[in-house]
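Undergrad: Following is a predicted model, sequence given first.
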Amino acid sequence: MRRSLTLTDEAARHPFRASLPPHVRHESVAAYDNAVWRVSARDVRGVVTTYFACLAAVLAFIL
């Protein structure tokens, strides 16, 4: 599929994203920029609990 260079946006950095209309690409970029990864105490507690539960299960099967 050939497209004219006037339909692309060089700032998109990917051929598919460059071929998207500006209003579609703008919303997806804005949604991605607003996503903030935060680790809460509940997340840490869940990871530690899972780790020790798996450790206990492995030790139970070994012993």
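TA: Sure, I can see it.
Undergrad: CA only for contacts and neighbour counts going forward, please
TA: Fine.
Undergrad: What pLDDT does the model give T8?
TA: With respect to pLDDT, T8 scores 58.
Undergrad: I should have written L20 there, sorry.
TA: pLDDT at L20 comes out at 75.
Undergrad: Kindly report the same for L5.
TA: 53.
Undergrad: in this structure, what spans have low per-residue confidence?
TA: 1-12, 25-36 (pLDDT under 70).
Undergrad: Could you rerun that using 90?
TA: 1-40, 63 (pLDDT under 90).
Undergrad: okay, the helix or strand hosting F61 in PDB with CA atoms only?
TA: Here F61 sits within helix 41-62, counting by DSSP states H and E. Included here for helix 41-62 are C-alpha records, laid out as PDB according to Å, rounded to 0.1, in the frame of the first residue of the first chain:
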ATOM      1  CA  ALA A  41       2.000  -0.900  50.100                       C
ATOM      2  CA  ARG A  42      -0.800  -3.300  49.000                       C
ATOM      3  CA  ASP A  43       1.100  -4.200  45.900                       C
ATOM      4  CA  VAL A  44       4.300  -4.900  47.900                       C
ATOM      5  CA  ARG A  45       2.300  -7.000  50.400                       C
ATOM      6  CA  GLY A  46       0.800  -9.000  47.600                       C
ATOM      7  CA  VAL A  47       4.100  -9.800  46.100                       C
ATOM      8  CA  VAL A  48       5.700 -10.800  49.400                       C
ATOM      9  CA  THR A  49       2.700 -12.900  50.300                       C
ATOM     10  CA  THR A  50       2.800 -14.700  46.900                       C
ATOM     11  CA  TYR A  51       6.600 -15.200  47.200                       C
ATOM     12  CA  PHE A  52       6.300 -16.800  50.600                       C
ATOM     13  CA  ALA A  53       3.300 -18.900  49.600                       C
ATOM     14  CA  CYS A  54       5.200 -20.300  46.600                       C
ATOM     15  CA  LEU A  55       8.300 -20.900  48.700                       C
ATOM     16  CA  ALA A  56       6.300 -22.800  51.200                       C
ATOM     17  CA  ALA A  57       4.700 -24.900  48.500                       C
ATOM     18  CA  VAL A  58       8.100 -25.700  46.900                       C
ATOM     19  CA  LEU A  59       9.500 -26.600  50.300                       C
ATOM     20  CA  ALA A  60       6.500 -28.900  51.000                       C
ATOM     21  CA  PHE A  61       7.000 -30.800  47.800                       C
ATOM     22  CA  ILE A  62      10.800 -31.100  48.300                       C
END
